[in-house]
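> quick one, structure for this:
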Amino acid sequence: MNKEMLLNGVQLMVFGMGMVYVFLIVMIFCMKLLNLALAPIVKRQQAAEAAAKAAEAAKKSAAAPASGDDLALVAAAVASVAAARR
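Now for the predicted structure:
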């Protein structure tokens, strides 16, 4: 009887560890799938943040006299944000 209980305990332990391993594999798969699904949303959010920073920089440069290089930089940033939104 003792041997049988010990064998049952080992079987239960192996089954439990296998279930945990399977659960972790499924969880990793779901996380990667969610990452793929949310990638476009993250890109849009990053583009919006970049546009906000560019607008803030443009506001600050508008308050101070701007040189030709600053205006070219602002134009490049605005064009970049517009291209990222398409």
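> may I ask you to name the longest helix in the chain?
Ranked by residue count, the top helix of the chain under DSSP state H comes out as helix 2-63.
> for it, the distance to its chain's centre please.
Remark: helix 2-63 is offset 9 Å from the chain centroid, using CA atoms, centre = their mean, to the nearest Å.
> give me the low-pLDDT residue ranges for this structure?
61-69 (pLDDT under 70).
> again, 80 this time
Across the chain, the ranges flagged by pLDDT under 80 are 1, 58-71, 86.
> on that earlier part again, tell me what the longest helix of the chain is packed against?
With contacts taken as 3 or more CB pairs under 8 Å, 6 or more residues apart in numbering; DSSP states H and E, helix 2-63 sits against helix 68-85. The C-beta positions use only the backbone N, C-alpha and C, and glycine is treated the same way.
> who touches the helix it packs on?
Identification of contacts with helix 68-85 by CB atoms under 8 Å, 6 or more residues apart in numbering yields K43, R44, A47, A50, A51, A54, A57, A58, S61, A66.
> 6 Å - rerun?
A47, A50, A51, A54, A58, S61 (CB atoms under 6 Å, 6 or more residues apart in numbering).
> same question for it: list its buried residues.
L73, V74, A77, V81 (16 or more other CB atoms under 10 Å).
> include distance to Q11 when you put these into a markdown table, please.
Output for the buried residues of helix 68-85, formatted as a markdown table (distance: CB to CB, whole Å):
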| residue | distance to Q11 |
| --- | --- |
| L73 | 69 |
| V74 | 70 |
| A77 | 64 |
| V81 | 61 |
